[in-house]
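*Asks:* task: produce atomic coordinates for the following.
(one chain, ligands or ions: 1)
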Amino acid sequence: MNASSKLSRRNWLKSVAAAATGIAALPFLGGTAQAAPAQVTKAIAHYQDHPSDGKMCSMCKHFIPAGGKPGHGMMGGAMGPGMMREGLCQVVQGPISPRGYCLLYLPL
Ligand code: SF4
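*Replies:* Numbering: from 1, shown residues only. Next up is the predicted model:
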């Protein structure tokens, strides 16, 4: 990967993160409810169901363990009986494996 493609990938990741944050912060017009956070597809995030260089969803700030809160994955909270069950992600759609990984990974 050359410097140009690294910069391009970095800019793309910043754009996706900014869009997700910006859309999540917008309230519905005339209402008090907040818009649902924007999520991208697994394909766009290059999600995989296995770790990458020791990095995995359960160690990511965006991971929401089954019945838990964001940022309380394996490294951020006590190990519980549901810790290795599929969870959710704040920025990627669908069920997420705690052992998965994607390009939007954000370490705890
Ligand atoms: S952002 Fe990616 S690495 Fe982090 S929890 Fe979501 S799918 Fe997993």
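*Asks:* the nearest residue to Pro107 once chain neighbours are set aside: how many residues sit nearby?
*Replies:* On the basis of Cβ to Cβ, 6 or more residues apart in numbering, the spatially nearest residue to Pro107 that is not a chain neighbour turns out to be Met59, at 6.4 Å. C-beta coordinates here come from the backbone N, C-alpha and C atoms, glycine included. The local packing count at Met59 equals 20, with neighbours defined by other Cβ atoms under 10 Å.
*Asks:* model confidence score at Met59, please.
*Replies:* On pLDDT, Met59 comes in at 96.
*Asks:* that one reaches Leu108, doesn't it?
*Replies:* Yes - using Cβ atoms under 8 Å, Met59 and Leu108 qualify as a contacting pair, with a distance of 5.8 Å.
*Asks:* all helices for this structure, in order.
*Replies:* Along the chain, the segments classed as helices by DSSP state H run 3-25, 42-45.
*Asks:* so which bits of the shortest one are buried?
*Replies:* Just to be clear, that refers to helix 42-45. Within helix 42-45, the residues that qualify as buried are Lys42, Ala45, counting by 16 or more other Cβ atoms under 10 Å.
*Asks:* can you list contacts of it?
*Replies:* Helix 42-45 is touched from outside by Val16, Val91, Val92, Gln93, Gly94, Cys102, Leu103, Leu104, with contacts defined as Cβ atoms under 8 Å, 6 or more residues apart in numbering.
*Asks:* for it, list the C-alpha coordinates in PDB.
*Replies:* C-alpha atoms of helix 42-45 as PDB (Å, rounded to 0.1, in the frame of the first residue of the first chain):
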ATOM      1  CA  LYS A  42     -20.600  -5.000   7.000                       C
ATOM      2  CA  ALA A  43     -19.300  -4.900   3.400                       C
ATOM      3  CA  ILE A  44     -18.500  -1.200   3.600                       C
ATOM      4  CA  ALA A  45     -16.700  -1.600   6.900                       C
END
